[in-house]
Each structure stands twice: as structure tokens, then as C-alpha cells.
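>>> build the 3D model from these lines:
(chains A, B, C and D)
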2 protein chains.
Amino acid sequence: MLWTVDPAAEEPLYAQLVAQVHLALARGELTPGERLPAARELATSLEVNVHTVLHAYQQLRDDGVLELRRGRGAVVVQGAGTAGRDLSVVERALAAFVDAARGAGLSTEATTTLLKEALKG
Amino acid sequence: MLWTVDPAAEEPLYAQLVAQVHLALARGELTPGERLPAARELATSLEVNVHTVLHAYQQLRDDGVLELRRGRGAVVVQGAGTAGRDLSVVERALAAFVDAARGAGLSTEATTTLLKEALKG
DNA sequence: CTAGTTGTTCTATGTCAATGCGAACAACCT
DNA sequence: AGGTTGTTCGCATTGACATAGAACAACTAG
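The predicted structure follows:
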């Protein structure tokens, strides 16, 4: 998977990393059993502090996505993600939703707020 | 519209108010020309500081949703929102998207991340 | 014109998250 | 045994968030 980080973004750096892993997992770019780069290594290449990367890793562990062990690194948990599943249905539904929202003149704030509400229930 | 605030939520208080206005506007519960409660008044009833409410109001003004004038209060801008439009199409598309995402086993993080990505492009 | 209302602006304070930095430590691998 | 890697401390800095109080200016209503 591809790692990127935008220090200018409003979203915290660690949260950006967390979201990227979730997304890569959903897209099958990351599969269970796969090992992620070492925290220090990733931190260096992203020009970010080690603790920031570790913060993201620990968050992902709490999410049940990663398994962390000293000396071994960060490994994607077996059964995590949707690897192998077909996401085309989701992609189509997403495209339809975005089109509908834009067609109705909804702002991005209103659109994301609607989704959050729907996910709550 | 209904005003609520949850101090325990992760989302900032002012952001909660902003989201509520956006949502109410999208749902037609708030119409252009309508006047919002005075900042001090709303702050008192919500047991929140005046500056917090004002922060939300000013954010909404920056979003092009509100018009603020001293002595007159906060009024919804003419042409703001989707008042009068039919949101049933959006609601259905949203429901379909949420169903598809859940059916695919996507986490809420992955789902919201997907939407953000889609809204960017 | 007067008094009340309401947003605007200013200063100040305290808390907390995020990030960065350094160091020691424990489990794991080769 | 030695290197790798996550774990756990401590500490400092920055900024957002929220609260608080006060004075001020524009508007409304009487």
C-alpha cells in the first residue's frame, strides 16, 4: 500500500494513517497476515515522529485490525478487513449517493453529517 | 429546530451546533429568512458559554449559511440550504449505501473515509 | 430620543489533544 | 549474542477548545 501524510490537513497525522489502513484493507490492498513497515522506518520515510506512527498502530490494534509484537512488528489480523469480498456494490451505491447529494445541492458538511447520522442508528 | 449538545462527545461543542444547522437546513426544518435564537439565550438554555455559540454562528456565516448583524441576530441567508427540494432520493441512496457498506463488513471508519474520498474528487 | 437587545471585539485563563524528542526496557528474530 | 521492534516512561511545545468578563457598536422597539 501507499503511505502519504499531509501536515497541513486538519485531520491529525495519526488519524490519517489509521484511515489509510482502513481504506487499504477495505480495498484489498492490504491482506490479513501482511506485515506493515516498522514504526521507526515509516516515521523516517514520512518525516514524522515515531510516536505518531505508534499512536496510529495502537489505535489500529484497538480497532482489531493490527497485531503488535515487539521484535516482530505490526501484522494485519487474520479475518480483518473485507479482503476477497466484492466492493463494486458499495462503490456503486456510494457513487449514487454522492450524485444524489450533489444534485440536491447539499454541501459537503451536510452530506457527511447525513452519513454520520445514518451510521449511528 | 431542536437544539442539543453533548459535552461528552468527541466532536467539539461548536461543531455540533454547526452540524445541526446544516442538517436542519438540508431537511427543511430551517428555512431562509428564519431567525436563530440569540447567542446568549441559546448559550443559557444549552448551559454552554456564549462564545461557544458565537463561534458556531461565525463558522456558519463563513459557510455562507447565516447572516449576522448586531441587534438583529442570526438569520438564515436567502438561497441557503435545499429548502423546498425533495430529499427522498438522497435518503434512499444514503440508505442503500449504508446497507451495502454494512453488508460488505466495512467499519464506520472505512465507510466515512470512502465518502470523504468520493467527495474530494 | 431612550432603553434594551444583539453581535463584535478584546483580554485572560485553564484544560487537553497532538506532536515532537529522548531514553530505557522487554520480547522476538537471526 | 546482537540487532530489531514494540512498550513505556518522562518532558516540552503548540494549538484548539471552552470558559469568563468586559466594553463597544449597530440595530430595534418604546
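>>> for chain A, give me the ranges with low pLDDT.
A:81-85 (pLDDT under 70).
>>> so which residues on it come close to chain B?
A:18-19, A:22-23, A:25-26, A:63, A:82, A:85-87, A:89-90, A:92-101, A:103-119 (Cβ under 8 Å from any Cβ of the partner chain). All C-beta atoms are positioned from the backbone trio N, CA, C, and that covers glycine.
>>> can you give the domain ranges for chain A?
A:13-76, A:88-120 (automatic domain parsing).
>>> for residue A:75, grab phi and psi.
Dihedral pair for residue A:75: phi -120, psi 140, per degrees, to the nearest 10.
>>> that one and chain B: what is the separation?
Distance from residue A:75 to chain B, counting by Cβ to the nearest Cβ, to the nearest Å: 18 Å.
>>> isn't that residue right next to residue A:33, touching?
Yes. Between residue A:75 and residue A:33 a contact is recorded at 6.7 Å, counting by Cβ atoms under 8 Å.
>>> and the residue nearest to the spatial centre of chain A, what element?
Centroid check for chain A by Cα atoms, centre = their mean gives residue A:19 as the closest residue, at 2.3 Å. Using DSSP states H and E, the element containing residue A:19 is helix A:13-26.
>>> buried stuff in that helix?
Buried positions in helix A:13-26, judged by neighbour count with 16 or more other Cβ atoms under 10 Å in any protein chain shown: A:13-14, A:16-26.
>>> elements contacting the helix or strand following it?
Sequence-wise, the next helix or strand downstream of helix A:13-26 (DSSP H and E) is strand A:35-36. Counting contacts by 3 or more Cβ pairs under 8 Å, 6 or more residues apart in numbering or on different chains; DSSP states H and E, strand A:35-36 packs against strand A:73-76.
>>> contacts for the strand it packs on?
Under the contact criterion Cβ atoms under 8 Å, 6 or more residues apart in numbering or on different chains, strand A:73-76 has outside partners A:25, A:30-39, A:57, A:60, A:65-69.
>>> now list the buried members of those.
The neighbour-count test (16+ other Cβ under 10 Å) marks A:25, A:30, A:32, A:36-37, A:39, A:57, A:60, A:65-67 as buried among the contacts of strand A:73-76.
>>> tell me which two of those sit farthest apart.
The largest separation in the buried ones among the contacts of strand A:73-76, counting by Cβ to Cβ, is between A:32 and A:39 at 20.0 Å.
>>> need the residues of chain A near DNA strand D, please.
Residues of chain A lying close to DNA strand D by Cβ under 7 Å from any atom of the strand are A:36, A:38-41, A:51, A:54, A:57-58, A:61, A:68-74.
>>> at 6 Å what do you get?
A:38-41, A:54, A:57-58, A:68-71, A:73-74 (Cβ under 6 Å from any atom of the strand).
>>> out of those, which sit inside helices?
Applying DSSP state H to the residues of chain A next to DNA strand D, the entries found in helices are A:39-41, A:54, A:57-58.
>>> OK, contacts around the residue in chain A sticking out farthest from the centre?
What lies farthest from the middle of chain A is residue A:104; by Cα atoms, centre = their mean that is 28.5 Å. Contacts were defined as Cβ under 8 Å, 6+ apart; by that measure residue A:104 touches B:26, B:82, B:85-87, B:89-90.
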